[in-house]
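Colleague: just need the structure, nothing else, for what follows:
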Amino acid sequence: MLPFLFAVMAPLAERAGIRFEVEPGVGHAARLVYPDGTIRFVRSRILDLNRATSASVAKKRSYVLGFLQEQGIPVPEFLAMRIPARQGEEGVEGRIAEALRFAEQIGYPLAVRSVHRTETGPLLVGSPEELEAVVRREVPVSPRFMLQRVVAGHPLTLVVLDDEVLLAYLHRPEPVPIKVADDVQALAVDVVRRSGLRFAAVDLMLDPPDRPADAPWYVMDVVPDPDLEPYAALGDPHRPKVEAVVEKLLLAMGPRQGARS
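Modeller: Down below sits the predicted model:
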């Protein structure tokens with residue numbers, strides 16, 4: 001079975017005169033041959049739109065959020081934790097002390113989030129004892145994780161390509177399409193630009209989602225390879241919207257579009 005993105009992209013590519021070739025082994029990569037001979041590649045949800053290094057940085061949640069925070073973008077306070085194996089138990093104890101100091105400054109509850117995005121959501125801890133236990137448990141599994149202040153609001157995702165918001169939806173827990181104000185769309189476009197990307201999903205925390213201009217908002221994540229399948233799974237009329245997005249991505253990867261300067 002083809003990956004979701006490939007299944008949607010293949011007939012759209014054929015309609016546009018673009019040859020769509022799936023790697024014959026495990027089928028996780030595809031080659032696009034445009035009418036003028038230009039070649040682009042797609043791997044899983046990774047497209048030939050974002051620069052490789054920008055996408056690599058954005059794949060590490062703490063990296064991209066750290067850069068945005070330095071630029072004055074509202075990001076909930078966080079502490080990136082990295083415990084190299086060579087530091088052993090001494091390194092673990094030092095990081096536990098660091099985590100406890102951070103928690104004392106920020107307050108509980110705290111969210112424990114993987115630096116690398118996973119299918120599971122953040123784990124909430126509500127006391128020093130819970131925090132120490134989680135740090136000890138996480139180290140053997142994932143020596144790179146982050147602690148972050150919990151903020152209230154509505155989780156909103158905006159999928160952006162260049163200067164346009166293509167999709168906007170709330171998480172409850174399935175995607176709930178929503179119309180958002182122009183200023184919210186503008187800030188999502190700005191966040192993607194500041195992250196050095198052309199195509200990405202911006203996860204925001206807003207309260208309320210149709211906020212006035214002076215209401216608080218936070219950037220929770222910037223995802224360089226958005227998963228469009230949950231939105232398409234809502235059925236009509238939402239799957240055609242995803243197909244329209246994929247068609248725009250196909251054209252944006254083409255020879256006449258080029259990369260953003």
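Colleague: what ranges do the strands span in the chain?
Modeller: Ranges of strands within the chain are 19-22, 29-33, 39-43, 46-47, 78-82, 110-114, 123-125, 144-149, 154-161, 164-171, 175-177, 199-206, 217-223, based on DSSP state E.
Colleague: and the third one, what's its mean pLDDT?
Modeller: Right, strand 39-43. Strand 39-43 comes out with an average pLDDT of 91.
Colleague: circling back to that earlier point, wait, which of the strands of the chain is closest to L68?
Modeller: strand 217-223 (5.8 Å; C-beta to C-beta). (Each C-beta comes from the backbone N, C-alpha and C, glycine too.)
Colleague: quick one on the thing from earlier: quick one: the strands of the chain as JSON lines, columns for distance to L65 and mean neighbour count too.
Modeller: Converted to JSON lines, the strands of the chain look like this (distance: least, C-beta to C-beta, whole Å; neighbours: other C-beta atoms under 10 Å):
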{"stretch": "strand 19-22", "distance to L65": "34", "mean neighbour count": "15"}
{"stretch": "strand 29-33", "distance to L65": "29", "mean neighbour count": "17"}
{"stretch": "strand 39-43", "distance to L65": "24", "mean neighbour count": "16"}
{"stretch": "strand 46-47", "distance to L65": "20", "mean neighbour count": "21"}
{"stretch": "strand 78-82", "distance to L65": "7", "mean neighbour count": "18"}
{"stretch": "strand 110-114", "distance to L65": "10", "mean neighbour count": "22"}
{"stretch": "strand 123-125", "distance to L65": "18", "mean neighbour count": "17"}
{"stretch": "strand 144-149", "distance to L65": "8", "mean neighbour count": "21"}
{"stretch": "strand 154-161", "distance to L65": "15", "mean neighbour count": "22"}
{"stretch": "strand 164-171", "distance to L65": "18", "mean neighbour count": "18"}
{"stretch": "strand 175-177", "distance to L65": "22", "mean neighbour count": "16"}
{"stretch": "strand 199-206", "distance to L65": "10", "mean neighbour count": "23"}
{"stretch": "strand 217-223", "distance to L65": "7", "mean neighbour count": "21"}
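Colleague: and V57, which of the ones you listed is closest to it?
Modeller: When the strands of the chain are compared (using C-beta to C-beta), the closest one is strand 217-223, at 9.6 Å.
Colleague: what's the closest one in contact with?
Modeller: Residues outside strand 217-223 that contact it (C-beta atoms under 8 Å, 6 or more residues apart in numbering): 58, 61, 64-65, 68, 73-76, 117, 151, 153, 155, 184, 187, 191-192, 195, 197, 200-207, 211.
Colleague: scan this protein for its longest helix.
Modeller: Looking across the chain with DSSP state H, the single longest helix is helix 88-106.
Colleague: for that helix, C-alpha coordinates in PDB please.
Modeller: Once non-C-alpha atoms are left out, helix 88-106 reads as follows in PDB (Å, rounded to 0.1, in the frame of the first residue of the first chain):
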ATOM      1  CA  GLY A  88      26.800   8.000  33.200                       C
ATOM      2  CA  GLU A  89      25.100   8.300  36.500                       C
ATOM      3  CA  GLU A  90      26.900  11.600  37.400                       C
ATOM      4  CA  GLY A  91      25.400  13.200  34.300                       C
ATOM      5  CA  VAL A  92      21.900  12.000  35.200                       C
ATOM      6  CA  GLU A  93      22.200  13.400  38.800                       C
ATOM      7  CA  GLY A  94      23.400  16.700  37.400                       C
ATOM      8  CA  ARG A  95      20.500  16.900  35.000                       C
ATOM      9  CA  ILE A  96      18.000  16.000  37.700                       C
ATOM     10  CA  ALA A  97      19.300  18.900  39.800                       C
ATOM     11  CA  GLU A  98      19.000  21.200  36.800                       C
ATOM     12  CA  ALA A  99      15.500  20.000  36.100                       C
ATOM     13  CA  LEU A 100      14.400  20.600  39.700                       C
ATOM     14  CA  ARG A 101      15.800  24.100  39.600                       C
ATOM     15  CA  PHE A 102      13.900  24.900  36.400                       C
ATOM     16  CA  ALA A 103      10.700  23.500  37.900                       C
ATOM     17  CA  GLU A 104      11.200  25.600  41.000                       C
ATOM     18  CA  GLN A 105      11.500  28.700  38.900                       C
ATOM     19  CA  ILE A 106       8.600  27.900  36.500                       C
END
